[in-house]
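Student: structure of the sequence below:
(4 chains)
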Number of protein chains: 2
Amino acid sequence: MRKEHNLTKNQKIIFDLIDKSPQPLKAYSILYNVQKKGIKAPLQVYRALDKLVEIGKIHKIESRNAFIACHNSSCQVAKATAFSICEICEKVTEISSAGLSKYLANFKDKDGMKYSKYNLEFFGLCKKCTLK
Amino acid sequence: MRKEHNLTKNQKIIFDLIDKSPQPLKAYSILYNVQKKGIKAPLQVYRALDKLVEIGKIHKIESRNAFIACHNSSCQVAKATAFSICEICEKVTEISSAGLSKYLANFKDKDGMKYSKYNLEFFGLCKKCTLK
DNA sequence: AATTTAATTGTTATAATATAACACTATGTA
DNA sequence: TACATAGTGTTATATTATAACAATTAAATT
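Tutor: Modelled structure (predicted):
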């Protein structure tokens, strides 16, 4: 069972914004959107983002420097993430495939390195953009 | 057969530096290192980096904003990359596993999105750091 | 060889992303 | 209450990356 995290005011404001967004949001776009709620400085945003990532409520899309809410019950510790990214419309979808998770969780390289975490980003065209 | 790319002067200087480095290099650290060779501005570095990434001579480690030379004959088109990253010493190793490549190249998500590319980053502790 | 086309270069300026440092406040727990 | 931990607000600054434009070089075509 996962510990329930009680979000603080700033964390809540920022999480709600990201959670409502259909696409990943960038830190400064978040900042502009929450300035009316009293969050004035980048650091306030980044601190909330860091915490939200740490507890697995959001994920960072590394190739885009953007943040998306977690919609996958199996990655709530923020340690095993996979996304598909459309290179035209920039739509990002979190992949939840038991097969993929299992494969990657059990993957061992030649050096026998012990992995505690991974992040996978697939790039391609989404259905809509393929048809265009 | 892969097209041979003849690197230009700047591209050569920057590739050689990255290729010799045991760890990934960041753009501005590259800049400082090549200023004596006449490369004075960030853009000169970024342009060479972009090209080198495009032709698959180097890869970007997205989670670190750093660049590493490709040492894997199977990813020279820069479309299928996997790395292991030690969270203590920051050592990065390119993973070349036929099984992994195959698995990911054939992976299909529920939406049937067609992938042309992927990037996978594993995090954990390398052997040395595990023993400490 | 001359022409033209695309790629690369050099440069200045600036945008976008992210963190350091410090004083203060709230929250949970002993 | 007292203590520890986490979060806040703030200013300043570090780090990463791109825009715009003119000049140059390399390669492909005539």
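
Student: need the residues of chain A near chain B, please.
Tutor: Contacts of chain A with chain B, taken as Cβ under 8 Å from any Cβ of the partner chain, map to A:62-63, A:84, A:86-87, A:93, A:95, A:97, A:100, A:103-104, A:107, A:109-127, A:130. Glycine gets a C-beta too; all of them are placed from N, C-alpha and C.

Student: now, these that are in strands?
Tutor: Cross-referencing the residues of chain A next to chain B against strands under DSSP state E gives A:84, A:86, A:93, A:114-125.

Student: does the residue nearest in space to the middle of chain A count as helix, strand or coil?
Tutor: By Cα atoms, centre = their mean, the mean C-alpha position of chain A lies nearest to residue A:59, the distance being 1.8 Å. Under DSSP: H, G, I helix; E, B strand; the rest coil, residue A:59 falls in the strand class.

Student: ok, it to residue A:120 distance?
Tutor: 11 Å (Cβ to Cβ, to the nearest Å).

Student: between those two, what contacts are shared?
Tutor: Here residue A:59 and residue A:120 share the contacting residues A:81, A:83, scored by Cβ atoms under 8 Å, 6 or more residues apart in numbering or on different chains.

Student: in the ones in strands among the residues of chain A next to chain B, find the pair that's most separated.
Tutor: The most widely separated members of these, counting by Cβ to Cβ, are A:114 and A:125 (35.6 Å).

Student: can you tell me how far residue A:60 is from residue B:20?
Tutor: For residue A:60, the distance to residue B:20 - Cβ to Cβ - is 31 Å.

Student: rewinding a little: by neighbours, which of the ones in strands among the residues of chain A next to chain B wins?
Tutor: Of all those, the highest neighbour tally under other Cβ atoms under 10 Å in any protein chain shown goes to residue A:119, namely 24 neighbours.

Student: that residue and residue A:53 touch, don't they?
Tutor: No - using Cβ atoms under 8 Å, residue A:119 makes no contact with residue A:53, being 11.1 Å away.

Student: follow-up on the earlier one: mind listing the residues bridging to the residue nearest to the centre of chain A?
Tutor: residue A:68 (DSSP bridges).

Student: distance of it relative to DNA strand C?
Tutor: Remark: distance between residue A:59 and DNA strand C (Cβ to the nearest atom of the strand, to the nearest Å) = 13 Å.

Student: repeat that for residue A:57.
Tutor: 17 Å.

Student: send me the lowest-mean-pLDDT helix or strand in chain A as CSV with only the CA atoms.
Tutor: Lowest on mean pLDDT, DSSP states H and E among the helices and strands of chain A sits helix A:127-131, with a mean of 87. Listed in CSV are the C-alpha atoms of helix A:127-131, where the atom choice follows Å, rounded to 0.1, in the frame of the first residue of the first chain:
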residue,chain,number,x,y,z
LYS,A,127,-2.9,7.8,-35.3
LYS,A,128,-4.2,11.2,-36.2
CYS,A,129,-0.9,12.4,-37.5
THR,A,130,-0.3,9.3,-39.5
LEU,A,131,-3.4,9.9,-41.5
